[in-house]
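Asker: have a look at this prediction, sequence included:
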Amino acid sequence: MTWSINHTSLAEADLLNQESIYALGNGYLGVRGNFEEGYSGNMKTIRGSYINAFHDVINIPYGEKLYGFPSTQQKLVNIMDAQGIDIYVGDAREHFNLFTGEVISYKRELKLKEGISERFIHWKSPSGQELKITFRRLVSFTVRELLAIHILIEPIAVQGTIAIESHLNGDVENYTAVNDPRVASGHAKLLTTKAIGTESGIGFVRNETLASKLSVNCATTYSHSEALENEHIVLTEQVKYRTVFAAAEPITFTKWNVFTDTLRHGEQSLVIAKQKASELTALSFAQIMEQQQQYLADFWLRSDIVISNDDELQEGIRFNVFQLLQSAGRDEYSNIAAKGLSGEGYEGHYFWDTEIYMLPVFLLTQPDIARGLLIYRHHILPFAKQRAREMGHKKGALYPWRTIAGTECSSFFPSGTAQYHISADIAYSYIQYFMATEDYDFLAGYGCEVLAETARLWIEVGHERDGRFYIDEVTGPDEYTCCVNNNYYTNVMAKHNLAWAAKTLKLLQAHNEQRYNELLIQLELSEDEISVWANAAQNMYLPYDAALGINPQDDSFLNKKVWDFENTPKEKYPLLLHFHPLTIYRYQVCKQADTVLAHFLLEDEQTEETIKRSYDYYEQITTHDSSLSTCIFSIMASKIGYADKAYHYFKETARLDLDNTHGNTKDGLHLANMGGTWMAIVFGFAGVRIKPDTLSLAPKLPADWDQYQFKLQYKGRSIEMVVSKSGIELTLASGDSLSVTLFGKSIPLQPHETYKAELIQV
């Protein structure tokens, strides 16, 4: 059961959440888990299909627009709807619908090994017509443009014929929610239909965005049992395919939908869509399913985490890892949106979430995907440099807080543009990638340039005084405290960025002096400037309070009054939906991990005693209103020996969307939290850290578990770790011999041999 997600509820609220849970995607195309036939009457639905990075440009309205405020933003577009299929039963053409007649049995399933979703239905119409229907669908990992829907209809007691009407609808809108800042409140209609018709049995629609003038196409064709009749019907913005079958035998019906766009497929994108649709008719749905299963077998071989004796948590971690795979962009135009390709929350924007919470999963399981995600950031580097100029900096790159195509999309600068730390977060992920792969080609082609330009930013925004380097007027990860001086997280991440920018250039010089010299010319970079970065890193001011023995979140944080948690009722959370930002800013209250997150990412910057005291302090004033928070508190609880808290916070993350604990799963899945669940096991319980010269491990076993195991990809090797009550086993499954660090001691790993050690529980 832990390889599948199952539901039987048909309650409206449950179905809305399930639209996100049963979303399918492949990093390029995403389709929400809507019913092909729709719901009933006025039942709410968020019907959606999306192409990663396919966007329109909309104006940002301001009451008072000041210099440097972005005028426009990109928005993920809900593209044409190819899901629609209606079934009509008998001579009276009774419409199959789960909210009319009698549902004798119903089950819905998401199969994580097969990469398909299914619905199994036994239904009797109001007049007594009875049939069984199985819906299967997949978004292909091997043909990135493909959404395939397969239907098996088994007549039980049907008089007359069965008709199927399939729709390709170009008249679509984006979802809006006026009172929720996490969802867009306007700009619903973003597409116009430019071409529609049929050709050689293929129905097609071409739509164009209103402002960005990007085009998207869908070409649809069909394979099915022998029919009594069939026809295409072309309407203004919709192509219908109607076919009629005798009801004597089981009926199979496969709908092949091919999506293309001008970003990836150019001006011939419609022609390409038709060609691919035509080619797919030579395949069966079973063949596509087999390709899907083979792809996922290889993925799970590297990426699965096995937990003993806890099926709910096992189900949760597998679901989360699967959804991360479905959401990760695979080209220079795309990344991972906050909601992946499962919904329109946060308008499809990419944030810092990718680098800090999601990329680590791929870095240590699927490094090629991690590499691609980083290349996207290099692709938008020119926009980051331009943004830095808009913000008054002569040099450097300030990555946008929210973006799709590369420009800043955040209109609320205190918790948007002011979060300069995103540039250091991206630099951090580049550094982690290099340490985990030793990919010098990547360093030469992408890494050094990004690290250099982000390092330049800190020299521009910071300043030296009395031999210390300070960074003023920024916002850290905790968005309940904005525009402060010397945010600890920002300063320590900037320090890391500056030091490694200098270090990687020296490494490149030793490895490939020709490329090093080319970069100096390309970036107009001197040895003196590199020395400035190294000195700034060495002199970086990191706030410390001697009385409390902790790192203050910023210079003013400890001067504020602590939020009145005791008298804040549960219904007033999350605070951002019930209190003005200025009210929140005046108190010691954290939306999410900030200093605690910094201690996780750069633990060697402080003593374990300081890290523990900081954890104790900030835990008392953190609301965890952000889904990015509890996983970090779990990881750090593991580090400092709070086993019960580590497990408690982990359980908060593992099933956040499956159980809708934040109440907004309908808007899309919480992808960063899903990455955080993986990190809470690997970086938390297993104590994995990527160090400059080694992979460090310090595993612990949660009291409720008998065993857990996973594989890591590190420097071209595959390492399997098993942690159980009987001890630790490390097996070098592939690759050359390697030394890793276990509980601070260097140990050798030999190919296909298992190293065993005792488990040290603290």
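Answerer: All right, it came through fine.
Asker: burial of Gly225, as a residue count?
Answerer: Not Gly; residue 225 is Ser. 15 (other Cβ atoms under 10 Å). Heads up, the C-betas are built off the backbone N, CA and C, glycines and all.
Asker: look up how far Leu29 lies from it.
Answerer: 27 Å (Cβ to Cβ, to the nearest Å).
Asker: cool, Thr254 as well?
Answerer: Counting by Cβ to Cβ, the gap from Thr254 to Leu29 is 17 Å.
Asker: looking at these two, which is more packed in?
Answerer: Higher neighbour count among Thr254 and Leu29: Leu29, with 27 against 22, using other Cβ under 10 Å.
Asker: in this protein, where is pLDDT below threshold?
Answerer: Flagging of the chain using pLDDT under 70 yields the residue ranges 177-187, 761-762.
Asker: rerun that using 90 as the cut-off
Answerer: Along the chain, segments meeting pLDDT under 90 span 1-2, 41-42, 91, 174-189, 281, 309, 662, 760-762.
Asker: can you give the domain ranges for it?
Answerer: 4-294, 304-345+655-762 (automatic domain parsing).
Asker: could you dump these into CSV with distance to Ala388 added?
Answerer: Formatted as CSV, the domains of the chain follow (distance: least, Cβ to Cβ, whole Å):
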stretch, distance to Ala388
domain 4-294, 11
domain 304-345+655-762, 20
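Asker: which helix in the protein has the most residues?
Answerer: Longest among the helix segments of the chain by residue count, using DSSP state H, is helix 488-511.
Asker: alpha carbons only: can I get it in CSV?
Answerer: Provided in CSV are the C-alpha atoms of helix 488-511 (Å, rounded to 0.1, in the frame of the first residue of the first chain):
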residue,chain,number,x,y,z
TYR,A,488,22.5,36.6,10.8
TYR,A,489,21.3,34.3,8.0
THR,A,490,22.1,36.8,5.3
ASN,A,491,25.5,37.7,6.7
VAL,A,492,26.7,34.1,7.2
MET,A,493,25.5,33.0,3.8
ALA,A,494,27.1,36.1,2.2
LYS,A,495,30.3,35.2,4.0
HIS,A,496,30.1,31.7,2.5
ASN,A,497,29.4,33.1,-1.0
LEU,A,498,32.4,35.5,-0.9
ALA,A,499,34.8,32.9,0.4
TRP,A,500,33.9,30.3,-2.1
ALA,A,501,33.8,32.7,-5.0
ALA,A,502,37.5,33.4,-4.3
LYS,A,503,38.2,29.7,-3.6
THR,A,504,36.6,28.3,-6.7
LEU,A,505,38.4,30.6,-9.0
LYS,A,506,41.7,29.5,-7.5
LEU,A,507,40.6,25.9,-7.9
LEU,A,508,39.8,26.6,-11.5
GLN,A,509,43.1,28.3,-12.1
ALA,A,510,44.9,25.1,-10.8
HIS,A,511,42.7,22.8,-12.9
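Asker: and Gly30, what does it touch?
Answerer: Ala23, Leu24, Ser49, Tyr50, Ile51, Asn52, Val139, Gln326, Ser327, Gly340, Leu341, Ser342 (Cβ atoms under 8 Å, 6 or more residues apart in numbering).
Asker: helix, strand, or coil at the fourth one?
Answerer: Of the three states, Tyr50 takes strand according to DSSP: H, G, I helix; E, B strand; the rest coil.
Asker: which of the helices or strands spans the closest residue to it other than its chain neighbours?
Answerer: Once flanking residues are discounted, Tyr50 sits nearest to Gly30: 4.7 Å by Cβ to Cβ, 6 or more residues apart in numbering. Here Gly30 is covered by strand 29-31, with elements defined by DSSP states H and E.
Asker: quick one: that strand to chain centroid distance?
Answerer: In terms of Cα atoms, centre = their mean, to the nearest Å, the centre of strand 29-31 is set 13 Å apart from its chain centre.
Asker: paired strands for that strand, with orientation please.
Answerer: Strand 29-31 pairs in its sheet with strand 24-25 (antiparallel), strand 49-51 (antiparallel), by DSSP bridges.
Asker: please work out which of those strands is packed deepest.
Answerer: strand 49-51 (a mean of 27; mean count of other Cβ atoms under 10 Å).
Asker: which residues are in contact with that one?
Answerer: In contact with strand 49-51 (Cβ under 8 Å, 6+ apart) are residues 28-32, 76-83, 147, 216, 259, 261, 341, 344, 348.
Asker: so which of those residues belong to strands?
Answerer: Within these, residues falling in strands by DSSP state E are Leu29, Gly30, Val31, Leu76, Leu147, Val216, Phe259, Asp261.
Asker: can you pull up the most central residue in this protein?
Answerer: By Cα atoms, centre = their mean, the chain has its centre lying nearest to Leu671, at 3.9 Å.
Asker: gap between that one and Thr454?
Answerer: 24 Å.
Asker: got it, and Tyr617?
Answerer: For Tyr617, the distance to Thr454 - Cβ to Cβ - is 30 Å.
Asker: those two: which has the busier surroundings?
Answerer: Between Tyr617 and Thr454, counted using other Cβ under 10 Å, Thr454 has the larger neighbour count: 31 against 21.
Asker: which SS class is that one?
Answerer: Thr454 ends up helix, using three-state DSSP.
Asker: so which of the strands paired with strand 29-31 is nearest Glu513?
Answerer: strand 49-51 (42.6 Å; Cβ to Cβ).
Asker: any idea how far the closest one is from the chain center?
Answerer: With Cα atoms, centre = their mean, you get 15 Å for strand 49-51.
Asker: that one: what's the following helix or strand?
Answerer: strand 55-59.
Asker: paired strands for that following strand, with orientation please.
Answerer: strand 72-76 (antiparallel).
Asker: after the partner strand, next one along is what?
Answerer: strand 85-89.
Asker: same for that following strand, what does it pack against?
Answerer: Packing contacts for strand 85-89, counted by 3 or more Cβ pairs under 8 Å, 6 or more residues apart in numbering; DSSP states H and E, involve strand 94-95, strand 146-157, strand 161-169.
Asker: tilt between that strand and strand 161-169?
Answerer: 160 degrees (axes from the mean of the first three to the mean of the last three Cα atoms, to 10 degrees).
Asker: just checking: what are the partner strands of strand 85-89?
Answerer: Strand 85-89 has these strand partners (DSSP bridges): strand 94-95 (antiparallel), strand 161-169 (antiparallel).
Asker: part of a helix, is Lys394?
Answerer: No: read with three-state DSSP, Lys394 is coil and lies in no helix.
Asker: counting neighbours, what do you get for it?
Answerer: Residues lying near Lys394 (other Cβ under 10 Å) number 9.
Asker: which residue ranges of the stretch 151-300 of the chain form helices?
Answerer: Along the stretch 151-300 of the chain, counting by DSSP state H, counting those that start in this stretch, helices occupy 262-265, 269-280, 285-303.
Asker: can I get these in CSV with distance to Ile5 and mean neighbour count?
Answerer: Listed next are the helices of the stretch 151-300 of the chain as CSV, based on distance: least, Cβ to Cβ, whole Å; neighbours: other Cβ atoms under 10 Å:
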stretch, distance to Ile5, mean neighbour count
helix 262-265, 30, 20
helix 269-280, 27, 19
helix 285-303, 15, 16
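Asker: good, wrapping up.
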